[in-house]
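Asker: Provided below for reference: sequence and predicted model.
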Amino acid sequence: MQDYNFLIKELNKPKENMITQIMGSDPVSAAMDARKSAGIQDHEVISNICSIIEKFGLVLSFIDSDSRLFFGFSVGNEDNGPAICVNTHESISIERQIFTIAHELGHLVMHRASYSGTISDAQDDQEEKEADIFASYFLMPDELFRKFFSEYKHLHWFDMIIALKRIFRVSYKTVIYRIIEKNLVRNDFNLWIHFPMEYNKRTSRTLKNHTEPEPITSIVEDYRQREPEHLHRGDFMRDTLQGLVQEAYFRELITFSRAGEILQKDNEAMNQLLESWDVME
């Protein structure tokens, strides 16, 4: 956060916080107002959530941690925020990372008071549920979800879930939750049971715990959380801090070593990044 605020000051960029303008008495209406505030059309799917976060004037930071219990967190104004930090470790699917960003945005929109004081476990549990609902509807508005659901209803139900998760860039579990929530599946057909069974039938592999399926391309990836027809790193554009470093470096406001220090890159990695920047007009 200190590096971000330093760059904002050096580049003379205004630090706007649009989330205070977002209204909504419940997670769904708050999510809809957040989309409207970001200029997202009713028929529009969010293709780059990182750019949306920047529109809100929030800091978006990334940590590569091998802790499978840590997906991300957010900080309020009291801690030099508002900001969102997401764990981008390779064991965490891109879909999970995108949902984490939307989840933390939900906290910043709906639970501002919680950043400046202590809350009970019960209140914390309730706020986590609300942030999940916010994230789900921010990424998958009900009307748009129903539109695509109807368009792909002719497919095998498994293929339809895959299609919907690809369209909205969410996990298959997020899609299943919505289908069940909206009573779009027969009560006697349990998707939580049938989805892994169908996946096993098609691939001869199993879904366990938080694993999300994708074809294995290397022995290392066998230990990754998987998504069927998963998103790739290129689908998850980043990052606010790197963009500020690029601008500050080319404007000669920071040195090569300072740029590397901020981005936590050694000289070799920084040289590769500079070469990448230089080839683009």
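Answerer: Sure, I can see it. Because the structure is a prediction, the values reported are computed rather than measured.

Asker: Could you check how far residue 267 is from residue 62?
Answerer: Here the criterion is Cβ to Cβ, to the nearest Å. By it, residue 267 lies 21 Å from residue 62. Quick note: C-beta positions are derived from backbone N, CA and C, even for glycine.

Asker: Neighbour count for these two, which is higher?
Answerer: residue 62 (19 against 10; other Cβ atoms under 10 Å).

Asker: Break this structure into its domains for me.
Answerer: When the chain is parsed with automatic domain parsing, its domains come out as 2-235, 240-278.

Asker: what element comes up after the helix or strand of the chain with the lowest mean pLDDT heading to the C-terminus?
Answerer: The weakest-scoring helix or strand in the chain, judged by mean pLDDT, DSSP states H and E, is helix 2-10 (a mean of 65). Following helix 2-10 in sequence order, the next helix or strand is helix 27-37 (DSSP states H and E).

Asker: how about that following helix: buried residues?
Answerer: By 16 or more other Cβ atoms under 10 Å, the buried positions in helix 27-37 come out as 27, 28, 30, 31, 32, 34, 35, 37.

Asker: List the residues that contact the closest residue in space to residue 138 that isn't next to it in sequence.
Answerer: Closest residue to residue 138 apart from its sequence neighbours, by Cβ to Cβ, 6 or more residues apart in numbering: residue 31 at 4.1 Å. By Cβ atoms under 8 Å, 6 or more residues apart in numbering, residue 31 lies in contact with 24, 106, 133, 134, 135, 136, 137, 138, 141.

Asker: mind running it again at 7 Å?
Answerer: 134, 137, 138 (Cβ atoms under 7 Å, 6 or more residues apart in numbering).

Asker: Looking at these, spot the one nearest residue 185.
Answerer: residue 137 (19.0 Å; Cβ to Cβ).
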